[in-house]
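**Student:** Predicted coordinates and the sequence they were generated for:
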Amino acid sequence: MSVINEITNLHASASAILECSGRTPTRSEYASALELADSALELAVAANLDGEAVAACAGFQQFCYGQLLRCCERAAGHERLVYEKRSTRASLKRKRSGRVFDTDPGEHLVNAFQAVRLGRLLDEQEREDTLETSRRIRWSDELQY
């Protein structure tokens with residue numbers, strides 16, 4: 001078999017690996033295609049083929065290398081995203097703080113306690129209105145209800 005036919009077969013095999021039907025190739029498939037492209041370039045250089053054939057093999061090798069790098073970048077980005085989601089700092093960023101904006105630190109708590117206190121006073125007043133006696137409702141009475 002001639003060197004050109006071997007190089008063509010290696011390039012065809014690498015292209016078949018890269019053209020998976022219906023899915024994206026895996027990193028190992030990209031690496032296999034790059035190994036085939038490397039072998040084709042080595043054959044072209046060893047056979048002292050003309051400059052165009054060697055340049056074509058080098059171009060295909062660079063294409064396979066670029067595809068492998070993009071795949072590794074996507075995988076690294078996915079791993080970084082998963083790590084960030086699992087880290088404690090990221091969970092604190094996603095967590096709602098429950099703050100009222102445009103207030104000083106702690107002021108929202110004071111406002112919340114005042115609202116609860118006001119609600120209890122209104123409830124107490126309604127209870128006094130509904131009771132036939134005018135006695136004052138105590139804390140222990142609230143616990144019994």
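**Tutor:** Structure's in. What do you need? Numbering: from 1, shown residues only.
**Student:** can you give me the end-to-end distance of stretch 15-23?
**Tutor:** Using C-alpha to C-alpha, to the nearest Å, the end-to-end distance of stretch 15-23 comes to 14 Å.
**Student:** Need the contact partners of that stretch.
**Tutor:** Applying C-beta atoms under 8 Å, 6 or more residues apart in numbering, the external contacts of stretch 15-23 come out as Pro25, Glu29, Tyr30, Ser32, Ala33, Leu36, Cys64, Gln67. In short, each C-beta sits where N, CA and C put it, glycine included.
**Student:** can you list these in JSON lines and add secondary structure and pLDDT?
**Tutor:** Shown next, in JSON lines, are the contacts of stretch 15-23 (DSSP: H, G, I helix; E, B strand; the rest coil; pLDDT from 0 to 100):
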{"residue": "Pro25", "secondary structure": "coil", "pLDDT": "88"}
{"residue": "Glu29", "secondary structure": "helix", "pLDDT": "90"}
{"residue": "Tyr30", "secondary structure": "helix", "pLDDT": "90"}
{"residue": "Ser32", "secondary structure": "helix", "pLDDT": "91"}
{"residue": "Ala33", "secondary structure": "helix", "pLDDT": "91"}
{"residue": "Leu36", "secondary structure": "helix", "pLDDT": "92"}
{"residue": "Cys64", "secondary structure": "helix", "pLDDT": "91"}
{"residue": "Gln67", "secondary structure": "helix", "pLDDT": "89"}
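**Student:** Can you tell me which of those residues has the most neighbours?
**Tutor:** The most crowded member of the contacts of stretch 15-23, judged by other C-beta atoms under 10 Å, is Ala33 (27 neighbours).
**Student:** From Cys71, how far out is Ser28?
**Tutor:** With distances taken as C-beta to C-beta, to the nearest Å, Ser28 is found 10 Å from Cys71.
**Student:** of those two, who's got more company?
**Tutor:** When Ser28 and Cys71 are compared for neighbours, Cys71 comes out ahead with 18 against 11, by other C-beta under 10 Å.
**Student:** Could you list the buried residues of whatever helix or strand the more buried one lives in?
**Tutor:** Per DSSP states H and E: Cys71 is located in helix 51-86. Across helix 51-86, burial judged by 16 or more other C-beta atoms under 10 Å covers Ala53, Ala56, Cys57, Phe60, Gln61, Phe63, Cys64, Gln67, Leu68, Cys71.
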